[in-house]
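> sequence plus predicted model, see below.
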Amino acid sequence: MDSTKYWSWDCRSIHEALQLQSLGCTNHKGPLQTIVKPDIFLITVQMQCQWLGERVAAPDLKAVTKNVILQKTAGNWGPNATFRFPARDGTGGIWIAVAKTLPEEKKRFGKKGAVKKVNADEKRVILGDGTTVHYQRLISTMAIDALAESMGDEKLISLSKGLFYSSTHVIGVGVRGTRPKRIGDKCWLYFPEDNCPFYRATIFSNYSPNNQPQKNVKLPTLQLANGSRRQSMQAKEGPYWSIMLEVSESSMKPVDNEMLLKDCIQGLVNTEMLKPDDEIVSTYHRRFDHGYPTPTLEREGVLKQMLPALQEKGIYSRGRFGSWRYEVGNQDHSFMLGVEAADNIVNGAAELTLNYPDFVNGRQNTERRLVEGMQLFGKKTVSEKIQNGKVVAGRRMTGGKGELGGRMETSNKEALNASGGTATAGKDGNSRVLSRNW
């Protein structure tokens, strides 16, 4: 099997199968011994393997065998074994707090701020309320296919047709009662079974006690988990716990939108997440059209044409769907894609997250911090920093993955401490890779 087209069928296959479900690349769900058969996926989608990296944790086969014999549960497995989560307001609270640090006059949310047209030749953007914004360099976090449409560029629009994505349905279910012992302190649960439409359940109340109402809050029962009607409309106290479900949808995996909430609740009963007589006090259903950017075989061929073509026009398309790379499409990745695009525009810094996904995913960033250098460098005007469209001050990395953090070119020679052989921050403030001793 050509390894450039498909992954090797090792013990990661079950996890990969679940990833394919989330990416909307197959509508197959069934017994695990069936899922790992290659022919199932050969007839559904051809995916390249570069996205795997840290996305699919590679288990230690010896440790797996030992744990099976000893009936021991492996802990801290994979890159997401431990992660931070806000105590209040969910992850959205992070970006709301970030937005509050920006001047009000610089913010434009809602339909009035929606981009209607991007005129790349005249370097201006027309917003929903008719406002025209002029720019020299534009960082766009729009989905790159939507960006091409807003530009009216037929070549880019045609190229974008080669990008594949899945939609995501987020289902929330609030339950009266104490969280079952069979679920315990688990956060994520994956479901390859064919008796439920969701591929993942998140026990949202385990993330924080603030993710469900307090015990003394009185809520009426909407229905029982088995679909039967409530016996009383009278509100009563908790305690409560909550579940968040994810369902993928694509041209390869259609979804009955009208029946999805009902089917998911039945799926919770089928998988014994809920008992038939559990009281449901709240439900939530939202569909995100662009949910997952799918790493198909065609993806890189498309991106290697679209991203440079846009950049030649002064447009940096970045973000989960802006740069369309699933392996660097999480919130932290998307944030850094924006930071590094701005750094590249201002001082020529390397865009590590965009260009070296395995490098940024395989290590913890401990050296990138806010420094005064950016403010010092920022005193120069954009025209002083850019000549003929090229950055003339700052640093950029060269070479392949093996040279990251080591070999650097600089136009600020004073930034290198020759006596110690250590890279130090110069006025360009690029401290991303400056802690390397040679």
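Now that the structure is in, tell me what you want to look at. Owing to the predicted nature of the structure, the values given are computational and were not obtained by experimental measurement.

> what's the first helix or strand after whichever strand or helix holds residue 332?
In this assignment (DSSP states H and E), residue 332 forms part of helix 331-347. Reading on from helix 331-347 to the C-terminus, the next helix or strand found by DSSP H and E is helix 352-355.

> which strands or helices does that next one pack on?
Under the contact criterion of 3 or more CB pairs under 8 Å, 6 or more residues apart in numbering; DSSP states H and E, the helices and strands touching helix 352-355 comprise helix 331-347, helix 357-361. Quick note: C-beta positions are derived from backbone N, CA and C, even for glycine.

> other SSEs contacting the first one?
In terms of contacts (3+ CB pairs under 8 Å, 6+ apart), helix 331-347 is packed against strand 138-140, strand 315-317, helix 352-355, helix 373-377, strand 390-391.

> make it 7 Å
Contact analysis of helix 331-347 by 3 or more CB pairs under 7 Å, 6 or more residues apart in numbering; DSSP states H and E lists strand 138-140, helix 352-355 as its packing neighbours.

> pLDDT of the longest one, averaged?
Looking at helix 352-355 alone, the average pLDDT works out to 93.

> which residues are contacting it?
Judged by CB atoms under 7 Å, 6 or more residues apart in numbering, the contacts made with helix 352-355 from elsewhere in the structure are 318, 323, 328, 333, 336-337, 340, 359-360, 432.

> same check, this time on the first one
Contacts of strand 138-140 from elsewhere in the structure, counted by CB under 7 Å, 6+ apart, are 147, 314-318, 322, 338, 341-342.

> try 6 Å
Outside strand 138-140, the residues that touch it by CB atoms under 6 Å, 6 or more residues apart in numbering are 147, 315-317, 322, 341.

> which secondary structure element is home to residue 201?
When secondary structure is defined by DSSP H and E, residue 201 falls within strand 200-202.

> tell me the helices and strands packed up against that strand.
When contacts are defined as 3 or more CB pairs under 6 Å, 6 or more residues apart in numbering; DSSP states H and E, strand 200-202 packs onto strand 188-190, strand 240-249.

> got the angle for the helix or strand harbouring residue 300 vs helix 331-347?
Counting by DSSP H and E, the secondary-structure element that holds residue 300 is helix 299-312. In this structure, helix 299-312 runs at an angle of 40 degrees to helix 331-347, with axes from the mean of the first three to the mean of the last three CA atoms, to 10 degrees as the basis.

> the nearest residue to residue 89 once chain neighbours are set aside: neighbour count?
In space, residue 89 comes closest to residue 96 once its chain neighbours are excluded; the distance is 7.0 Å by CB to CB, 6 or more residues apart in numbering. Neighbour count for residue 96, taken as other CB atoms under 10 Å: 11.

> dump the contacts of strand 138-140 to TSV, plus distance to residue 305, neighbour count and pLDDT.
As requested, those are arranged in TSV below (distance: CB to CB, whole Å; neighbours: other CB atoms under 10 Å; pLDDT from 0 to 100):
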residue	distance to residue 305	neighbour count	pLDDT
147	14	25	97
315	14	22	97
316	16	24	97
317	12	27	97
322	15	27	97
341	19	26	95
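
> quick one: which of the residues you listed is nearest residue 248?
Of all the contacts of strand 138-140, residue 322 has the smallest distance to residue 248: 20.8 Å, by CB to CB.

> and that closest one, what does it touch?
Taking CB under 6 Å, 6+ apart as the contact definition, residue 322 lies against 140-141, 144.

> for it, give its distance to residue 187.
Using CB to CB, to the nearest Å, one obtains 28 Å as the distance from residue 322 to residue 187.

> likewise for residue 134?
According to CB to CB, residue 134 stands 46 Å off from residue 187.

> residues near residue 313, how many?
With other CB under 10 Å as criterion, residue 313 counts 14.

> how about the nearest residue to it, chain neighbours excluded?
Excluding the flanking residues, the one nearest residue 313 by CB to CB, 6+ apart is residue 120, at 4.2 Å.

> same question for residue 272.
Once flanking residues are discounted, residue 272 sits nearest to residue 182: 7.2 Å by CB to CB, 6+ apart.

> also residue 322?
In space, residue 322 is closest to residue 141, 4.9 Å off (CB to CB, 6+ apart).

> measure how buried the one you found is and give me the count.
Residues contacting residue 141 under the criterion other CB under 10 Å number 18.

> now for the strand ranked longest in the chain, which elements pack on it?
Using DSSP state E, we find that the single longest strand of the chain is strand 279-294. Strand 279-294 is packed against strand 164-176, with contacts defined by 3+ CB pairs under 6 Å, 6+ apart.

> direction included, what does the strand it packs on pair against?
For strand 164-176, the paired strands and their directions (DSSP bridges) are strand 240-249 (antiparallel), strand 279-294 (antiparallel).

> quick one: contacts of the shortest one?
Strand 240-249 has contacts (CB under 6 Å, 6+ apart) with 22, 24, 166-167, 169, 171-176, 179, 197-198, 200-202, 204-205, 211-213, 255, 264.

> redo that, cut-off 7 Å
In this structure, residues lying in contact with strand 240-249 by CB under 7 Å, 6+ apart are 21-24, 166-177, 179, 197-205, 211-213, 255, 260, 264, 268, 273, 281, 291.

> which among the residues you listed end up buried?
Applying 16 or more other CB atoms under 10 Å to the contacts of strand 240-249, the neighbour count classes 21-24, 166-176, 179, 197-205, 211-213, 255, 260, 264, 268, 273, 281, 291 as buried.

> about what we covered before: could you identify which of the strands paired with strand 164-176 is most buried?
Compared across the strands paired with strand 164-176, strand 240-249 shows the largest average neighbour count, a mean of 23 (mean count of other CB atoms under 10 Å).

> the inter-axis angle of the following helix or strand past that strand versus strand 279-294?
Of the helices and strands lying after strand 240-249 in sequence (DSSP H and E), the nearest is helix 260-270. What separates the directions of helix 260-270 and strand 279-294 is an angle of 110 degrees, with the same axes, to 10 degrees.

> may I have helix 260-270 exported as PDB, CA atoms only?
Taking only C-alpha atoms (Å, rounded to 0.1, in the frame of the first residue of the first chain), the coordinates of helix 260-270 have been written out as PDB:
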ATOM      1  CA  LEU A 260     -30.900  14.000  15.200                       C
ATOM      2  CA  LEU A 261     -31.600  15.100  18.700                       C
ATOM      3  CA  LYS A 262     -34.100  12.300  19.300                       C
ATOM      4  CA  ASP A 263     -31.700   9.700  17.700                       C
ATOM      5  CA  CYS A 264     -28.800  11.000  19.900                       C
ATOM      6  CA  ILE A 265     -30.900  10.600  23.100                       C
ATOM      7  CA  GLN A 266     -31.800   7.100  22.100                       C
ATOM      8  CA  GLY A 267     -28.100   6.500  21.300                       C
ATOM      9  CA  LEU A 268     -27.300   7.500  24.900                       C
ATOM     10  CA  VAL A 269     -29.700   4.900  26.200                       C
ATOM     11  CA  ASN A 270     -28.400   2.200  23.700                       C
END
